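Q: I would like to see how this sequence folds:
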Amino acid sequence: MKAIVIGAGISGLTCANYLQRSGIHTLILEQAATPGGVSTSWKRKGYTFEGGIHWLIGAKESIPLHNIWVETGALQENNPVYFKDPIYTLVDSEGRMPLYRDLHGLELTGLRDRLALATLKFHLACFNGFHQPITDISGVKARYPRPFSLWEYIKMGGAAALSPFLMMQSARGYARRFRNPRIRELLAAVVEPSINALSLIYTLSTFAMGDSGYPKGGSLQMARNMAGHFLGLGGEIRYRTPALEVLREGGKWTVRTADTLFSADAVVISMDARSAIDKLFKMPLQEIWAQKMRRSLRTTQCMFLGAGIRTDLSAWPRSMQLVLPQPLRASGHIYKTLVVNNYADVKSYAPEGCSVVTCLLHGPTYAWWKAAKEDGTYATRKQEIMEAFLDALGEMIPDIRGKVEVTDMATPLTYERYCSTFEGSYMSDWPPFQPLYHAPYKYKEGLYFTGQRTAYSGGLPPAAQSGRITAQYVCKDLDTEFVAY
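A: Below you'll find the model as predicted:
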């Protein structure tokens with residue numbers, strides 16, 4: 001039996017690893033030259049720019065998701081995990097204010113926020129022990145079953161009861177309960193403020209539980225580990241081979257590339273499902289779920305900016321929320337703060353004595369950049385924004401002035417070009433009161449979806465879990481035993 005997985009992102013690699021281990025010979029078709037999809041990093045003139053992982057949920061061994069990372073080879077001896085604390089540090093005209101995993105120190109910011117802080121601690125306590133359950137789908141034959149545990153769900157009852165309340169407000173709205181503007185700015189660094197508060201509390205709870213670390217080598221090392229593990233099981237990957245069409249021929253699903261037709265017993269679409277439903281079939285899909293996805297999907301877009309700097313920034317925090325004295329104007333948006341990651345403590349990311357900093361500027365800028373591409377100002381706009389970013393960064397960190405050796409910038413059009421993501425997004429936005437419409441894990445007999453548009457919102461945890469679930473659907477339909485180890 002054979003399977004084809006379209007896309008070597010985290011969900012595709014997860015699915016392919018489980019299929020191959022379960023005795024289904026699997027071929028991955030990947031349009032890029034490296035694995036990882038949008039979770040990747042790259043080198044420029046001796047500097048490494050981290051473009052994916054900022055923290056990895058499931059890095060702690062006691063978290064069930066950790067099993068998936070081990071079973072797929074993502075975490076090995078070559079990428080031990082570093083657990084940063086503080087998780088973010090506010091830097092403004094008043095100095096530095098750290099956000100620790102246990103919220104230590106926030107009580108010193110004033111009496112007026114004691115109730116808000118007590119409420120936040122209570123909400124985190126409700127999520128203590130909360131995790132994504134890793135179970136088996138109904139009807140699959142699993143060699144090592146993970147049965148549904150009622151007790152496991154009961155222990156997470158507090159989080160389940162609190163979740164609807166959190167989903168009805170934005171992360172920004174939740175932070176407004178604090179009167180101290182510095183605390184509000186700190187919380188804004190954790191997740192994109194426009195998404196619902198459930199994402200904020202869940203993320204903070206993973207830090208509070210001692211989870212969410214950064215694996216050595218970052219996104220690319222982790223993706224390479226997964227790809228290497230898959231190849232070691234006997235699987236096959238063809239890079240620089242984009243899938244152009246999925247069609248039904250001779251009773252089997254077939255994937256057409258530029259020069260070859262590949263047929264298989266099962267085809268798994270791991271590329272962005274929102275793009276796939278319009279581009280990967282002869283006629284765009286018109287099922288109800290596809291129409292709802294077209295109408296309701298809101299994408300999370302960003303601009304990535306990175307700089308290699310000829311100075312040691314170890315004295316500066318690992319992750320900073322910089323409050324700018326003058327706003328940064330870029331792609332039609334105004335940014336009053338910058339979330340900057342400083343990799344000075346990762347010595348392999350820069351030449352000796354040098355440092356790398358990166359920043360994501362969030363906002364719906366796809367249409368703006370597309371217009372710039374069409375009128376010929378795309379390269380000029382990128383240069384202008386990078387220069388403005390470096391000027392703003394230099395105001396906050398004077399040590400970098402005149403010492404920038406290399407820069408790199410990615411726009412939503414970059415993500416679209418390299419990863420075929422819809423509107424160049426890296427995940428789905430999940431604002432308050434907004435339901436999410438997903439692609440089904442099983443679309444038709446022998447044809448499946450996996451990845452960020454089959455699970456809530458986005459990020460690495462749902463990518464991995466969706467890959468495992470889709471693999472179980474394939475094994476069930478092909479009457480094959482699902483094997484995890």
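Q: next SSE after the worst-scoring helix or strand of the chain on mean pLDDT?
A: Within the chain, judged by mean pLDDT, DSSP states H and E, the helix or strand with the poorest mean is helix 150-155; its value is a mean of 80. Later in the chain than helix 150-155, the nearest helix or strand by DSSP states H and E is helix 157-167.
Q: Can you point out the buried residues in that following helix?
A: 158-159, 162-163, 166-167 (16 or more other CB atoms under 10 Å). C-betas here are computed from N, CA, C, even on glycine.
Q: do the same with stretch 89-96
A: 89-92.
Q: Inside strands: which ones of those?
A: Within these, residues falling in strands by DSSP state E are 89-92.
Q: Pull the most distant pair out of the buried residues of stretch 89-96.
A: Using CB to CB, the pair of the buried residues of stretch 89-96 lying farthest apart is Thr89 and Asp92, separated by 10.4 Å.
Q: just to revisit the earlier point, looking at the ones in strands among the buried residues of stretch 89-96, which one is closest to Ile269?
A: The closest of these, once distances to Ile269 are taken by CB to CB, is Thr89, at 40.8 Å.
Q: Now do the same for that closest one: its pLDDT.
A: pLDDT recorded at Thr89 is 96.
Q: give me every residue that touches it.
A: 96-99, 317, 319-321 (CB atoms under 8 Å, 6 or more residues apart in numbering).
Q: Tyr335 and Ile309, how far apart?
A: 20 Å (CB to CB, to the nearest Å).
Q: Sorry, slip of the keys, the one I care about is Tyr100.
A: Tyr100 is 27 Å from Ile309, where distance means CB to CB.
Q: same question, Thr411
A: Counting by CB to CB, the gap from Thr411 to Ile309 is 22 Å.
Q: Tell me which stretches of the stretch 1-150 of the chain form strands.
A: Here the stretch 1-150 of the chain has its strands, by DSSP state E, counting those that start in this stretch, at 2-6, 25-29, 41-44, 47-50, 81-82, 88-92, 95-99.
Q: related to what we said a few turns ago, just give me the closest of the buried residues of stretch 89-96 to Leu447.
A: Thr89 (47.4 Å).
Q: what's the burial count for the nearest residue to the closest one once chain neighbours are set aside?
A: Closest residue to Thr89 apart from its sequence neighbours, by CB to CB, 6 or more residues apart in numbering: Pro317 at 3.8 Å. When neighbours are counted by other CB atoms under 10 Å, Pro317 registers 20.
Q: Am I right that Pro317 is in a helix?
A: No - counting by DSSP: H, G, I helix; E, B strand; the rest coil, Pro317 falls outside a helix, being coil.
Q: pretty sure Cys302 is touching Leu360, no?
A: Yes - under the criterion of CB atoms under 8 Å, Cys302 makes contact with Leu360 at 4.5 Å.
Q: can you list residues touching both of these two?
A: Joint contacts of Cys302 and Leu360 (CB under 8 Å, 6+ apart) do not exist.
Q: so where is this structure shaky, pLDDT-wise?
A: 436 (pLDDT under 70).
Q: which residue ends up closest to the midpoint of it in space?
A: Geometric centre of the chain, nearest residue: Gly459, 3.0 Å, by CA atoms, centre = their mean.
Q: Kindly provide the distance from that one to Thr300.
A: 10 Å.
Q: Now the common contact residues for those two.
A: The contact sets of Gly459 and Thr300 overlap at Met427 (CB under 8 Å, 6+ apart).
Q: OK, contacts around the residue nearest to the centre of the chain?
A: Gly459 is in contact with 57, 427, 452, counting by CB under 8 Å, 6+ apart.
Q: Phi, psi for the second one please.
A: In this entry, Met427 is assigned phi and psi values of phi -170, psi 180 (degrees, to the nearest 10).
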